[in-house]
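K.L.:
Got a sequence here, can you build the structure:
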Amino acid sequence: MPVNSFDQYPLTWKPDKAALKRPYYRSLAADLEDKIRRGVLQAGTKLPPQREIADFLDLNYTTITRVYEACRKKGLIYGITGRGTFVSPHAEEDTTLVSETLRDDVIDLGAVNGYSEHSLLVERATEAVVRKGYLRHLYEYDCPAGYPHQLAAGVRWLEQVGVHTAAERTAVFSGAQNALTVALLSLFDPGDRIAVDPYTYSNFIELAKLMHLVLVPVKGDGAGMLPEELERQCRLNRVKGIYLMPAFANPTTVSIPLARRRELAAVIRDCGLILLEDDIGAWMAAAGGVTVPSLFDLLHGESLYICGMTKSLCPGLRIAFMTYGGRFRKQILHGLSNINIKTSSLDAEIITELILNGDAYRIAKEKRALAEKAGQLFAALFAGRCPRAAEPGYFRWLPLGTKKDPARVEGDLLRRGVRVYHSGRFAVQAGAAQDYLRVSLSSAGDFRHLQKGLERLRDYLEEI
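P.N.:
Below is the predicted model of the structure:
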């Protein structure tokens, strides 16, 4: 019989003893997994100590150890020494965006490639770097954060998107995802909470899941995250950081205007949050002659700003510039040296060449023109169904108009020869309203295929 009474000390996980079957550890592991995947046990929930649950069930301690270990291997739970065992963030589903090869007849409206077929100026920059005669130096292992002239070029690029910083507070990374990984591992601990939009970058969701970080969705409106809601969540959840995409957010396409940025900056400052600002669309606005001050500038540089170059210049050159406040410098460089080791100096040099010779700005304007043309095509085909985007971008957030299962919707469209991603892949909280499609306008290959794919999508939506 159990030694202790649990009437006054309820357990967060309380299996039905009468429903258990032998072997007990398998039955209990299945029960725990079911409750996590159904959202009965939410992310961040602290599970009972193993001895307490063993006492409650009148089972051997070793049996409960096997249960926890089985669920830990599946990524459902994690332990923190001295603090206990917790339900993993976003453990109820896998939001990873698949990258498998598609059938020849399938038009890709899922991946956001950034018009990778338009790369002539990138090829010329590569040839120019080779002709300069110092290629062998780019193969050496030195300056892991980037060579001084590469950092100076990055600072120049950042200035035109509303970020003012210095080379000594900037580093080169192997793409924005790599920069996010280094930032999270360097500045956060398992169990820490990060505020995000209710729908956000799916790879960030998975990254947080791998690192056992808890994402706290904060309500917003057409101008972005609501400052009062952010402040409320900070009070309720001991939030440590915040992740934002202020310009053409992925996947919702929302851009945060200056007034809202100032309000958010005030909350971030007052609550002492670590801001990760992911630039996904500021370059597109700058190519159209519009520059809005970054949150980094509004916070006087005491945050982190990540500027990926894959969408603006070339998807195959995995380069991103991260600039950071002085108080983060030591931790970020330590993380960079131990996680990234060193970004390809050749890739960084090609990006540097493009910035210094001015072709980077020409490429950005060309890609903006392509995005505008694709947006006009989308608007014509989905008039009345989807609000016209205020700015050009590589994707659209399309209301679906059905409560069909997300996997079924994606499967139906794939069988019709179109790949798109359902909003369920971008939802931070299980069970949230998931009634949209993110439709890429930049990965179909050409405008003829894009139109054909969009027409297939339109016809499907009309049928359902």
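
K.L.:
List the buried residues of stretch 139-150.
P.N.:
The neighbour-count check on stretch 139-150 (16 or more other CB atoms under 10 Å) flags 145, 146, 147, 150 as buried. To be clear about C-beta, it is placed using only N, CA and C from the backbone, and glycine gets the same treatment.

K.L.:
got a markdown table for these, with pLDDT, distance to residue 437 and secondary structure too?
P.N.:
As requested, the buried residues of stretch 139-150 are exported to a markdown table (pLDDT from 0 to 100; distance: CB to CB, whole Å; DSSP: H, G, I helix; E, B strand; the rest coil):
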| residue | pLDDT | distance to residue 437 | secondary structure |
| --- | --- | --- | --- |
| 145 | 93 | 39 | coil |
| 146 | 95 | 38 | coil |
| 147 | 95 | 42 | coil |
| 150 | 97 | 38 | helix |
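
K.L.:
Residue 232: which of these is nearest?
P.N.:
For the buried residues of stretch 139-150, the minimum distance to residue 232 (CB to CB) is 37.9 Å, reached by residue 145.

K.L.:
Who's the closest spatial neighbour of the closest one, skipping the chain neighbours?
P.N.:
residue 171 (4.0 Å; CB to CB, 6 or more residues apart in numbering).

K.L.:
Whichever strand or helix holds the one you found packs against which elements?
P.N.:
According to DSSP states H and E, residue 171 maps onto strand 170-173. When contacts are defined as 3 or more CB pairs under 8 Å, 6 or more residues apart in numbering; DSSP states H and E, strand 170-173 packs onto helix 148-159, strand 320-324.

K.L.:
Out of these, which one sits most buried?
P.N.:
With neighbours taken as mean count of other CB atoms under 10 Å, the helices and strands packed on strand 170-173 reach their highest mean count in strand 320-324, at a mean of 27.

K.L.:
Tell me what angle that one forms with helix 148-159.
P.N.:
Relative orientation of strand 320-324 and helix 148-159, computed by axes from the mean of the first three to the mean of the last three CA atoms, to 10 degrees: 80 degrees.

K.L.:
just for the stretch 1-150 of the chain, where's the confidence low?
P.N.:
For the stretch 1-150 of the chain, the stretches flagged by pLDDT under 70 are 1-9, 89-101, 117-118.

K.L.:
Next, please give the residue ranges for the helices of it.
P.N.:
Under the criterion DSSP state H, counting those that start in this stretch, the stretch 1-150 of the chain contains helices at 24-37, 50-57, 61-73, 120-131, 148-159.

K.L.:
Tell me the strands beside the strand holding residue 171, with direction?
P.N.:
strand 320-324 (antiparallel) (DSSP bridges).

K.L.:
got the CA positions of the partner strand in PDB?
P.N.:
Only the C-alpha atoms of strand 320-324 are listed here, as PDB (Å, rounded to 0.1, in the frame of the first residue of the first chain):
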ATOM      1  CA  ALA A 320      24.200  35.500 -41.600                       C
ATOM      2  CA  PHE A 321      25.500  38.500 -39.700                       C
ATOM      3  CA  MET A 322      24.600  38.700 -36.000                       C
ATOM      4  CA  THR A 323      25.200  41.900 -34.100                       C
ATOM      5  CA  TYR A 324      24.800  41.900 -30.300                       C
END
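
K.L.:
Contacts only, for residue 310.
P.N.:
Going by CB atoms under 8 Å, 6 or more residues apart in numbering, residue 310 touches 114, 175, 176, 316, 317, 318, 319, 320.

K.L.:
Which single one of those residues is nearest to residue 12?
P.N.:
For the contacts of residue 310, the nearest to residue 12 is residue 176 (36.3 Å; CB to CB).

K.L.:
ok so, going back, got a quick ChimeraX command for the buried subset of the contacts of residue 310?
P.N.:
Only the buried entries of the contacts of residue 310 go into this ChimeraX selection, using 16+ other CB under 10 Å:
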select :114,175,176,317,318,319,320
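
K.L.:
out of the contacts of residue 310, who's nearest residue 265?
P.N.:
Residue 265 lies nearest to residue 176 out of the contacts of residue 310, by CB to CB, at 21.5 Å.

K.L.:
Could I get the contacting residues of that closest one?
P.N.:
Contact analysis of residue 176 by CB under 8 Å, 6+ apart lists 278, 306, 307, 308, 310, 320.

K.L.:
Please narrow those to those residing in strands.
P.N.:
Per DSSP state E, strands hold the following members of those: 278, 306, 307, 308, 320.

K.L.:
any idea how far the fourth one is from residue 327?
P.N.:
Distance check for residue 308 against residue 327: by CB to CB, to the nearest Å, it reads 24 Å.

K.L.:
Same question for the last one.
P.N.:
In this structure, residue 320 and residue 327 are 21 Å apart, going by CB to CB.

K.L.:
same thing with residue 13?
P.N.:
As for residue 13, its distance to residue 327 is 39 Å (criterion: CB to CB).

K.L.:
For those two, indicate the residue with more neighbours.
P.N.:
Neighbour totals were compared for residue 13 and residue 327, and residue 13 leads with 21 against 9 (other CB atoms under 10 Å).

K.L.:
If we ignore the residues flanking it in sequence, what's nearest the more buried one?
P.N.:
residue 47 (5.4 Å).

K.L.:
My guess is residue 218 contacts residue 199. True?
P.N.:
No: using CB atoms under 8 Å, residue 218 is not in contact with residue 199, being 11.4 Å away.

K.L.:
how would you label residue 453: helix, strand or coil?
P.N.:
helix (DSSP: H, G, I helix; E, B strand; the rest coil).

K.L.:
Dig out what the nearest residue to it once chain neighbours are set aside forms beta bridges with.
P.N.:
Excluding the flanking residues, the one nearest residue 453 by CB to CB, 6+ apart is residue 107, at 3.4 Å. Beta bridges link residue 107 to residue 418, judged by DSSP bridges.

K.L.:
I'd like the distance between residue 107 and residue 160.
P.N.:
Residue 107 is 34 Å from residue 160, by CB to CB.

K.L.:
likewise residue 329?
P.N.:
According to CB to CB, residue 329 and residue 160 sit 24 Å apart.

K.L.:
burial measure for residue 102, as a count.
P.N.:
Look at residue 102: counted by other CB under 10 Å, it has 16 neighbours.

K.L.:
Contact partners for it?
P.N.:
Neighbours of residue 102 in contact, by CB under 8 Å, 6+ apart: 108, 419.

K.L.:
Please report how far the closest residue to residue 271 other than its chain neighbours lies from residue 382.
P.N.:
Nearest non-adjacent residue to residue 271, counting by CB to CB, 6+ apart: residue 234, 4.4 Å away. Here residue 234 is placed at a distance of 38 Å from residue 382 (CB to CB).

K.L.:
Show me the strands in the stretch 151-300 of the chain, by range?
P.N.:
Counting by DSSP state E, counting those that start in this stretch, the stretch 151-300 of the chain has strands at residues 170-173, 193-196, 214-217, 220-221, 224-225, 241-244, 274-279.

K.L.:
Could you tell me how far the third one lies from the centre of the chain?
P.N.:
Pointing back at strand 214-217 there. Relative to its parent chain, strand 214-217 has a centroid offset of 12 Å by CA atoms, centre = their mean, to the nearest Å.
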